[in-house]
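Asks: attaching a predicted model along with its sequence, questions to come.
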Amino acid sequence: MNDISYGAIRTTAELGRLTRAHRKSRRLTLETIAGLGNLSTRFLSEFERGKETAEIGKILKALQTLGLEVIVQPRGGMPPSSPDSRLGKKEGS
């Protein structure tokens, strides 16, 4: 999608900028996303501007509505191979 740089996000401002760029690349308005995700345009606007106190549940809903997902993995490495190792558990525990 255009020249959007997807990847690691370290601040709320970076997440907001990426989300806004993605939304605009899809030619969607705040009002459209608000309606589809049952979110307020004010919340979406504050989220896109990097508001640090935005509710994580609402952020995840907004990202899902835009077709984006959050993937958590160790920095600089590949994600662990098994579901148990992701939680730091060993086989049989």
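Replies: Okay, I see it.
Asks: switch to C-alpha atoms for all contacts and neighbour counts from now on
Replies: Fine.
Asks: helix/strand/coil for Val31?
Replies: In this structure residue 31 is Glu, not Val. Assigned with DSSP: H, G, I helix; E, B strand; the rest coil, Glu31 falls in the helix class.
Asks: residue contacts, it?
Replies: Applying CA atoms under 8 Å, 6 or more residues apart in numbering to Glu31 gives the contacts Thr41.
Asks: could you redo the last one with a cut-off of 10 Å?
Replies: Contacts for Glu31 (CA atoms under 10 Å, 6 or more residues apart in numbering) come out as 37, 39-42, 44.
Asks: among these, name the buried ones.
Replies: Among those, those classed as buried by 16 or more other CA atoms under 10 Å are 37, 39, 41, 44.
Asks: including pLDDT, could those residues go into CSV?
Replies: Shown next, in CSV, are those (pLDDT from 0 to 100):
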residue, pLDDT
Gly37, 95
Leu39, 96
Thr41, 97
Leu44, 97
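Asks: which one of the residues you listed is nearest Gly16?
Replies: Closest approach to Gly16 among the buried ones among the contacts of Glu31 (CA to CA): Leu44, at 9.1 Å.
Asks: and the closest one, how far is that from Arg27?
Replies: For Leu44, the distance to Arg27 (CA to CA, to the nearest Å) stands at 15 Å.
Asks: same question, Gln64
Replies: In terms of CA to CA, Gln64 sits 16 Å off from Arg27.
Asks: again, but for Phe47
Replies: Counting by CA to CA, the gap from Phe47 to Arg27 is 18 Å.
Asks: which pair of the contacts of Glu31 spans the longest distance?
Replies: Maximum pairwise distance among those (CA to CA): 13.1 Å, between Gly37 and Arg42.
Asks: who has more neighbours, Gln64 and Arg27?
Replies: The neighbour comparison of Gln64 against Arg27 (other CA atoms under 10 Å) goes to Gln64, with 13 against 9.
Asks: tell me the confidence at the nearest residue to Ile9 once chain neighbours are set aside?
Replies: With sequence-adjacent residues excluded and distances taken as CA to CA, 6 or more residues apart in numbering, Ile9 is closest to Leu15, at 6.0 Å. Reported pLDDT at Leu15 in the predicted model: 96.
Asks: surely Leu15 is in contact with Leu44?
Replies: No. Look at Leu15 against Leu44 with CA atoms under 10 Å: they stay out of range, at 12.0 Å.
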